[in-house]
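# Here is a sequence together with a model predicted from it:
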Amino acid sequence: VPVTSSLFAAVYLTGVLPMKCFQSDFAPNNFQEITVLSPMATADLFGFTEEETRQYLSDSDLSLDDITAQYDGYQVEEVRVFNPFSISRARDMEEIGYHWARTCSFDALLHYITMDLNGLSEDIERLMAGIPVAVNAETASNGSFAVKTREHILTLLVLLGYLTYDSRTNTVRIPNHEIYWLFKTTITENKWPVLCPKIERSDKILAVILSEEAGRVAELIGESHEACSAQAAYGDHEVLKNTIREALLTAADAYDRWEAFPPRNGLAAILYLPKKHVHAPAILVELKVTRSSKSAIKQIKSLNSPAGLKDYSGEILLVGVSYNPKSRTHKCGIERYNTGKRTLIVQ
């Protein structure tokens, strides 16, 4: 169409990366670029809203609760949206699976997350553990032509749908379980040496918690704690909470994490509730700076009953892990609640 033609009043193009002039830093100036980082008035158009999803599933056997953990989690300014591709495939197939993730290239994601950029591998580990990572998306390039810093990579992963960006806190995170599965599968299938050992250790920690091997729990969480922070920061609430998150980062395969305990310096607690159709006990983990694992168990019992347990009627494993700053050692106590019957295992 000739440049002077009045055939089109406007042209709307969609894609995941911005329009650029080839081998140039200049973008065409006759386009208005709208992205998840700068959606203007279109935030609710980047996915299915909660109400749209509920209506879309109204004639399906799937409910909003069924799919929330798997596909929810994207944040576009103040709007919460679902992945429309996965929602439509799940409804059509009546199956909650990894629909959008299976259309992605594992090699492409691996290329980005394993780039030799300062701090990037630590960011990926935190994201896998469910810890939001700060990023200055305003200064990061949103094109794939000039990837020079970790912030460029994280911003690009937002635009590609692998991460979601919260403009209120200037942080990125993995939005839902489908994308978590994609990260984990990419890392383990390609045996990335930076994170594979930590994923394997997390699998072991969950296994020994479920088999109530308190001594091994203390040993393995001690390893994770050492890797998580400097000794001087051990008493910080966020450091303790991040230690639990990273120690149990693969628990996301079978558990939903609940963290709404009031912050207290010197201790942190996280509740893990089994996903629907997962036959396993809930796990309540507390990490506390104290000399006694019995003290950690006692502290758990003094916590207000978390709202996450309101509708839960199964078994609960109370896992109290203590850290002695003098000896720099960890101890663990595990107590199982089973219809009023309790056994205490301390090593």
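Nice, thanks for sending it over.

# So which residues of the stretch 151-300 of the chain form strands?
164-166, 171-173, 255-258, 267-274, 282-289 (DSSP state E, counting those that start in this stretch).

# In the protein, mark out all the helices, start to finish.
50-56, 64-71, 84-93, 106-113, 120-128, 150-159, 177-189, 196-210, 214-228, 237-247, 293-302 (DSSP state H).

# can you tell me which of the ones you listed the model trusts least?
Ranked by mean pLDDT, the helices of the chain bottom out at helix 293-302, which scores a mean of 70.

# Now residue 157: closest residue in space, sequence neighbours ignored.
residue 163 (4.5 Å; Cβ to Cβ, 6 or more residues apart in numbering). All C-beta spots, glycine's among them, are computed from the backbone N, C-alpha and C.

# any idea how far residue 185 is from that neighbour?
Distance from residue 163 to residue 185, counting by Cβ to Cβ, to the nearest Å: 16 Å.

# the more surrounded of these two?
Neighbour count, other Cβ atoms under 10 Å: between residue 163 and residue 185, residue 163 has more, with 25 against 15.

# returning to what we had before: now the helices of the chain as TSV including distance to residue 134?
Shown next, in TSV, are these (distance: least, Cβ to Cβ, whole Å):
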stretch	distance to residue 134
helix 50-56	27
helix 64-71	25
helix 84-93	28
helix 106-113	17
helix 120-128	9
helix 150-159	9
helix 177-189	19
helix 196-210	21
helix 214-228	17
helix 237-247	13
helix 293-302	30
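
# Quick check: which of those is nearest to residue 335?
Closest to residue 335 of the helices of the chain, according to Cβ to Cβ: helix 293-302, at 5.7 Å.

# mind checking how far that closest one is from the chain centre?
Put simply, helix 293-302 sits 28 Å off its chain's centre (Cα atoms, centre = their mean, to the nearest Å).

# One more: stretch 117-133?
10 Å.

# ok, back up a step: figure out which of the strands of the stretch 151-300 of the chain is closest to residue 240.
Residue 240 lies closest to strand 267-274 among the strands of the stretch 151-300 of the chain, at 3.7 Å (Cβ to Cβ).

# Restricting to C-alpha, output the closest one in PDB.
What follows is strand 267-274 as a C-alpha-only set of coordinates in PDB (Å, rounded to 0.1, in the frame of the first residue of the first chain):
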ATOM      1  CA  LEU A 267      12.200 -16.900  63.400                       C
ATOM      2  CA  ALA A 268      10.200 -17.600  60.300                       C
ATOM      3  CA  ALA A 269       7.400 -20.000  59.500                       C
ATOM      4  CA  ILE A 270       5.800 -21.200  56.300                       C
ATOM      5  CA  LEU A 271       2.800 -23.600  55.800                       C
ATOM      6  CA  TYR A 272       2.700 -26.000  52.800                       C
ATOM      7  CA  LEU A 273      -0.700 -27.300  52.000                       C
ATOM      8  CA  PRO A 274      -1.100 -30.400  49.700                       C
END
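
# In contact with residue 195, which residues?
Counting by Cβ atoms under 8 Å, 6 or more residues apart in numbering, residue 195 makes contact with 121, 124-125, 128, 187.

# follow-up on the earlier one: export the strands of the stretch 151-300 of the chain to TSV and tack on mean neighbour count and mean pLDDT?
Formatted as TSV, the strands of the stretch 151-300 of the chain follow (neighbours: other Cβ atoms under 10 Å; pLDDT from 0 to 100):
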stretch	mean neighbour count	mean pLDDT
strand 164-166	21	92
strand 171-173	21	94
strand 255-258	18	88
strand 267-274	23	89
strand 282-289	24	90
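
# Which one, of these, ends up nearest to residue 82?
Closest approach to residue 82 among those is made by strand 164-166 (11.5 Å; Cβ to Cβ).

# and that closest one, what other elements does it pack with?
strand 74-76, helix 150-159, strand 171-173 (3 or more Cβ pairs under 8 Å, 6 or more residues apart in numbering; DSSP states H and E).

# Please state the offset of that strand from the chain centre?
12 Å.

# what does that strand contact?
With Cβ under 8 Å, 6+ apart, strand 164-166 has contacts from 36-37, 73-75, 132, 135, 137, 155, 158, 171-175.

# switch to 6 Å and redo it
74-75, 137, 158, 172, 175 (Cβ atoms under 6 Å, 6 or more residues apart in numbering).

# possible to save the helices and strands packed on strand 164-166 as JSON lines with distance to residue 181?
Converted to JSON lines, the helices and strands packed on strand 164-166 look like this (distance: least, Cβ to Cβ, whole Å):
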{"stretch": "strand 74-76", "distance to residue 181": "16"}
{"stretch": "helix 150-159", "distance to residue 181": "15"}
{"stretch": "strand 171-173", "distance to residue 181": "15"}
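
# Could you check how far the nearest residue to residue 172 once chain neighbours are set aside is from residue 132?
Distances taken as Cβ to Cβ, 6+ apart place residue 163 nearest to residue 172, at 4.5 Å, with adjacent residues excluded. Distance, residue 163 to residue 132, using Cβ to Cβ: 10 Å.

# does residue 37 really touch residue 135, like I thought?
No: using Cβ atoms under 6 Å, residue 37 is not in contact with residue 135, being 10.3 Å away.

# Tell me which of those two has more neighbours.
Each of residue 37 and residue 135 has its neighbours counted (other Cβ under 10 Å); residue 135 has more, 24 against 17.
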